[in-house]
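Engineer: just coords:
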């Protein structure tokens, strides 16, 4: 019996005029990690635990957390700009 696996690309289409910046991190030690909470239940608890782990085990220097207004809307452009300017890595997430 064979099964079909359907894969979806979760990335949003590129915005007109947006620059794509791709950097490779050698590691997390000394890095600043940002989280965008999509405002679904429990993601804030996951981020708190992940933040503690990233700092204690992997040497992350700082964690910056921001929360979107609602899961169904994009984060404000200013939030993206702030995190892009301060963070080496930004993680967006979902909870429930």
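Structural biologist: On my side now, so go ahead. Just so you know, these numbers come straight off a predicted model, no measurement behind them.

Engineer: centre of the chain to the longest helix along the chain, how far?
Structural biologist: The longest helix of the chain (DSSP state H) is helix 43-58. Relative to its chain's centre, helix 43-58 lies at 13 Å (Cα atoms, centre = their mean, to the nearest Å).

Engineer: which residues does it contact?
Structural biologist: If you take Cβ atoms under 8 Å, 6 or more residues apart in numbering as the criterion, helix 43-58 is touched by 27-29, 33, 35, 37, 60-61, 63, 65, 67, 91, 93-95. In short, each C-beta sits where N, CA and C put it, glycine included.

Engineer: which among those end up buried?
Structural biologist: Among the contacts of helix 43-58, those that count as buried by neighbour count (16 or more other Cβ atoms under 10 Å) are 28, 33, 35, 37, 60, 63.

Engineer: follow-up on the earlier one: restricted to strands, list the contacts of helix 43-58.
Structural biologist: With strands identified by DSSP state E, the entries of the contacts of helix 43-58 that belong to them are 33, 35, 37, 63, 65, 67, 91, 93.

Engineer: the fifth one contacts residue 32, doesn't it?
Structural biologist: Put plainly, it is residue 65. No - with contacts defined as Cβ atoms under 8 Å, residue 65 does not count as touching residue 32, sitting 11.7 Å away.

Engineer: hang on, the earlier thing: pull the most distant pair out of the buried ones among the contacts of helix 43-58.
Structural biologist: 28 and 37 (19.8 Å; Cβ to Cβ).

Engineer: sorry, back to before: and the longest helix of the chain, which residues are buried?
Structural biologist: So for helix 43-58, counting by 16+ other Cβ under 10 Å, buried means 43, 47, 50-51, 54.
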